[in-house]
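Visitor: One predicted model, sequence on top.
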Amino acid sequence: MSPRALVTGGAGFIGSHIADALLDRGFTVVVLDDLSTGRRENVPSGCEFAQLDVRSADAARLVREGAFDVVLHEAAQIDVRKSVNDPVADASINILGALNLLEAVRAAAKRPRFIFASTGGAIYGDFVTPPNVEEYAKDPDSPYGIAKCAVEHYLAYYGRIHGVEGGVLRYANVYGPRQDPHGEAGVVAIFCNRLLDGRALTIFGDGKQTRDYVHVKDVAAANVAIATAPLPAVGRLDARAMNVGTGVETDVITLAETLRRVSGRDAAIEFAPARPGEQLRSAVSIGKARQLLNWTPQRTLEAGLKETFDYFAAKR
Ligand SMILES: NC(=O)c1ccc[n+]([C@@H]2O[C@H](COP(=O)([O-])OP(=O)(O)OC[C@H]3O[C@@H](n4cnc5c(N)ncnc54)[C@H](O)[C@@H]3O)[C@@H](O)[C@H]2O)c1
């Protein structure tokens, strides 16, 4: 019998690529998503689909009774600025939603492994010098990062006290096809659409702020790997947490110039005032995922940006 996976948030950007990758590997895949930002057409056709809120009793029942081997929890409120404006709403989805599913895992007759999509960009804060290693101190500068950190603590607790088998992937800045250009997270998607519209690329601040851009298919591959890989013993918070990025810092000016080059489109680059509170540098060390998951990112930034631009161009 094929292994069974539940992907929450599987109608979204990253979750839908994870569902694709799991189907390719012979998993039976169920997608749970409330379609608040996700789209039904993102759900791969080979998946069963349940339109549910992660906070609901029905979502908990699905986890309890679904006989899953693994749950990959991607569903979330992902907008950092929304979390600042309404931390209660953020915590409701991002903390209580995860807790609802974790309690269901604990109560399930057949307990699935629980993999949590955390953040490598928003959990470490600005006190450490990148590339950030998993054991570095966590000083998140937003309710979004705090909620991710809180769920990591819950997961470590469920592992130590209740024997729930959990793992954490801390994603850097993920980009690629299907990213929502209207959201807050996707500078690559925003730039691609601006290039296609013939509009200037806007950079906030001096453009020297760095991020670690990782392609969504590489992120999906890390999830497939952690779904079945042997995990280290349960222990402290970071024992089963792994960064997923490239380890490379790219500044926004370089990103904009590379996109202009690979797209063959000409657009002005314009500068706007820096956004208050924006992190200056961000990149993650990926040695742990390399070692434990035998995973390494496969796509160069140039190739990944070209593929992403072509995707948005084809949608026009
Ligand atoms: N995109 C990034 O660069 C990035 C970086 C670090 C971590 N992450 C994490 O990865 C995960 C996936 O992010 P994404 O970029 O694919 O975002 P996304 O918005 O495309 O996907 C999130 C999905 O969750 C669904 N959802 C939201 N609230 C829900 C609820 N209450 N019940 C059920 N479904 C709900 C949405 O409809 C959407 O389909 C999130 O947990 C996010 O925090 C993303």
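Guide: That came through fine. These numbers were taken from a predicted model, which means no experiment stands behind them.
Visitor: from here on, contacts and neighbour counts on C-alpha atoms
Guide: Noted.
Visitor: Okay, domains of this protein per the record?
Guide: For the chain, the structural domains run 4-173+213-244, 180-211+247-284+291-314, going by automatic domain parsing.
Visitor: Tell me which of those domains sits most buried.
Guide: With neighbours defined by mean count of other C-alpha atoms under 10 Å, none of these is more surrounded on average than domain 4-173+213-244, at a mean of 20.
Visitor: Now it: average pLDDT?
Guide: When pLDDT is averaged over domain 4-173+213-244, the result is 97.
Visitor: Just the endpoints, please. Distance across that domain?
Guide: Distance between the two ends of domain 4-173+213-244: 24 Å, counting by C-alpha to C-alpha, to the nearest Å.
Visitor: and that domain, anywhere near the ligand?
Guide: Yes. Applying C-alpha under 6 Å from any ligand atom, one finds domain 4-173+213-244 in contact with the ligand at 9-15, 33-38, 52-54, 74-78, 93, 117-119, 171-173.
Visitor: quick one: contacts of stretch 151-163?
Guide: Identification of contacts with stretch 151-163 by C-alpha atoms under 8 Å, 6 or more residues apart in numbering yields 94-95, 98-99, 102, 106, 116, 118, 164-168, 234-237.
Visitor: Just to be sure, which of the residues you listed are found in helices?
Guide: Counting by DSSP state H, the part of those found in helices is A98, L99, L102, R106.
Visitor: Columns distance to L22 on top of these, output as JSON lines?
Guide: Rendered in JSON lines, the data for the ones in helices among the contacts of stretch 151-163 read as follows (distance: C-alpha to C-alpha, whole Å):
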{"residue": "A98", "distance to L22": "21"}
{"residue": "L99", "distance to L22": "24"}
{"residue": "L102", "distance to L22": "21"}
{"residue": "R106", "distance to L22": "24"}
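Visitor: Which residue ranges of the stretch 1-150 of the chain form strands?
Guide: Counting by DSSP state E, counting those that start in this stretch, the stretch 1-150 of the chain has these strands, from start to end: 4-8, 28-32, 48-50, 70-73, 113-119.
Visitor: Name the residues that touch the shortest one?
Guide: Outside of strand 48-50, the residues that reach it under the criterion C-alpha under 8 Å, 6+ apart are V29, V30, V31, L32, D33, V43.
Visitor: tell me the contacts of the last one?
Guide: Residues touching V43, when contacts are defined by C-alpha under 8 Å, 6+ apart, comprise G10, A11, S16, A19, V31, F49.
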